[in-house]
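**Q** Predicted structure and sequence below. I'll ask about it afterward.
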Amino acid sequence: MNGFVGRKLAILAAVTAAAACGGSDDDTTGPTPTPAIGISVSPTSLSLPQGANGSEDIVRRAHQNIDYLTAHIWPLNWGWVDGKNLAGTWDAGKAKVVDYIDTHVRLAREAGKPLVFEEFGFPRDGELYDPSVPTTFRQRYYRLIYGAAEASLAAGGPVQGTNFWAWNGEARAQHPDHHFVAGSDTQYMGDPPHEPQGWYGNFDSDTEILAIVRDHAKAFATA
């Protein structure tokens with residue numbers, strides 16, 4: 001019993017420390033609690049973990065009693081790319097994403113635990129929201145994430161899964177400003193109500209993205 005209680009207390013301490021140091025990495029509005037099973041870390045500068053206040057040592061200690069690591073990757077939210085100038089900022093943003101991925105793969109390998117890219121997203125061209133807008137750079141971004149995941153898996157590395165953000169399916173924004181109106185709107189998307197409807201979610205009409213996701217799923221299923 002004492003061992004069980006001690007492990008639970010260690011997990012609670014690790015999660016509390018991680019949340020106090022940065023918490024969720026979805027946006028730049030401030031810290032929120034981090035899930036208890038996989039602690040996600042995000043950058044203050046390039047590859048440094050924000051969820052641990054920029055300290056890799058905190059990440060290592062925090063995961064002593066955590067089953068696996070997760071990483072959120074949000075280039076637009078973190079200012080790595082300019083949504084209105086994706087063509088001009090893609091190369092620099094890509095380099096930061098690669099560095100960030102490499103750091104988390106290394107941390108997971110050192111910990112001897114699996115790593116999941118559990119939440120990642122990229123805007124449509126021009127940071128517009130309508131499903132008719134192309135996804136040129138989102139496709140590049142997905143291929144970048146999936147390529148890293150597949151390479152790690154093929155080499156016996158720690159990456160064990162990916163979860164893109166998000167699935168909008170057949171839902172469509174009901175207002176020209178792409179805002180959700182609580183109490184009246186009935187089209188529910190993966191994009192949450194407080195964010196622009198169509199910001200990161202993939203629609204059932206996004207054939208190019210769906211093909212990329214499908215190919216990636218096959219690659220993981222047959223590895």
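**A** Nice, thanks for sending it over. This structure is a prediction, so every number in the text was calculated from the model and none was measured. Numbering: from 1, shown residues only.
**Q** how about the helices of this protein, start to end?
**A** With DSSP state H, the ranges of helices along the chain come out as 2-21, 56-62, 86-111, 136-154, 207-221.
**Q** centre of the chain versus the last one, how much separation?
**A** Just to be clear, that refers to helix 207-221. Centroid displacement of helix 207-221 relative to its chain, using Cα atoms, centre = their mean, to the nearest Å, is 17 Å.
**Q** Turn the helices of the chain into TSV, columns for mean neighbour count and distance to residue 79.
**A** Any C-beta I mention is one placed from the backbone N, CA and C, and that applies to glycine too. Formatted as TSV, the helices of the chain follow (neighbours: other Cβ atoms under 10 Å; distance: least, Cβ to Cβ, whole Å):
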stretch	mean neighbour count	distance to residue 79
helix 2-21	14	20
helix 56-62	18	22
helix 86-111	18	9
helix 136-154	18	15
helix 207-221	14	24
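**Q** Could you say which one of those comes nearest to residue 171?
**A** helix 207-221 (15.3 Å; Cβ to Cβ).
**Q** quick revisit: right, and the helices of the chain - which one's nearest residue 200?
**A** That would be helix 136-154 among the helices of the chain, by Cβ to Cβ, at 8.6 Å.
**Q** What is that closest one packed up against?
**A** helix 86-111, strand 115-120, strand 159-164, helix 207-221 (3 or more Cβ pairs under 8 Å, 6 or more residues apart in numbering; DSSP states H and E).
**Q** quick one on the thing from earlier: dump the helices of the chain to JSON lines, plus mean pLDDT and distance to residue 169.
**A** Conversion of the helices of the chain to JSON lines gives the following (pLDDT from 0 to 100; distance: least, Cβ to Cβ, whole Å):
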{"stretch": "helix 2-21", "mean pLDDT": "47", "distance to residue 169": "32"}
{"stretch": "helix 56-62", "mean pLDDT": "79", "distance to residue 169": "35"}
{"stretch": "helix 86-111", "mean pLDDT": "96", "distance to residue 169": "24"}
{"stretch": "helix 136-154", "mean pLDDT": "98", "distance to residue 169": "16"}
{"stretch": "helix 207-221", "mean pLDDT": "96", "distance to residue 169": "11"}
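**Q** For residue 193, find the nearest of those helices.
**A** helix 136-154 (21.7 Å).
**Q** coming back round to it: turn the helices of the chain into a markdown table, including distance to residue 129.
**A** Listed next are the helices of the chain as a markdown table, based on distance: least, Cβ to Cβ, whole Å:
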| stretch | distance to residue 129 |
| --- | --- |
| helix 2-21 | 31 |
| helix 56-62 | 34 |
| helix 86-111 | 14 |
| helix 136-154 | 12 |
| helix 207-221 | 15 |
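**Q** quick one: which of those is nearest residue 192?
**A** helix 136-154 (18.3 Å).
**Q** now the angle between helix 207-221 and that closest one, please.
**A** 0 degrees (axes from the mean of the first three to the mean of the last three Cα atoms, to 10 degrees).
**Q** who touches helix 136-154?
**A** Helix 136-154 is contacted from outside by 73, 75, 81, 86-87, 90, 94, 97-98, 101, 105, 115, 117, 120, 122-125, 157-162, 164, 208-209, 212-213, 216, 219-220, 223, using Cβ atoms under 8 Å, 6 or more residues apart in numbering.
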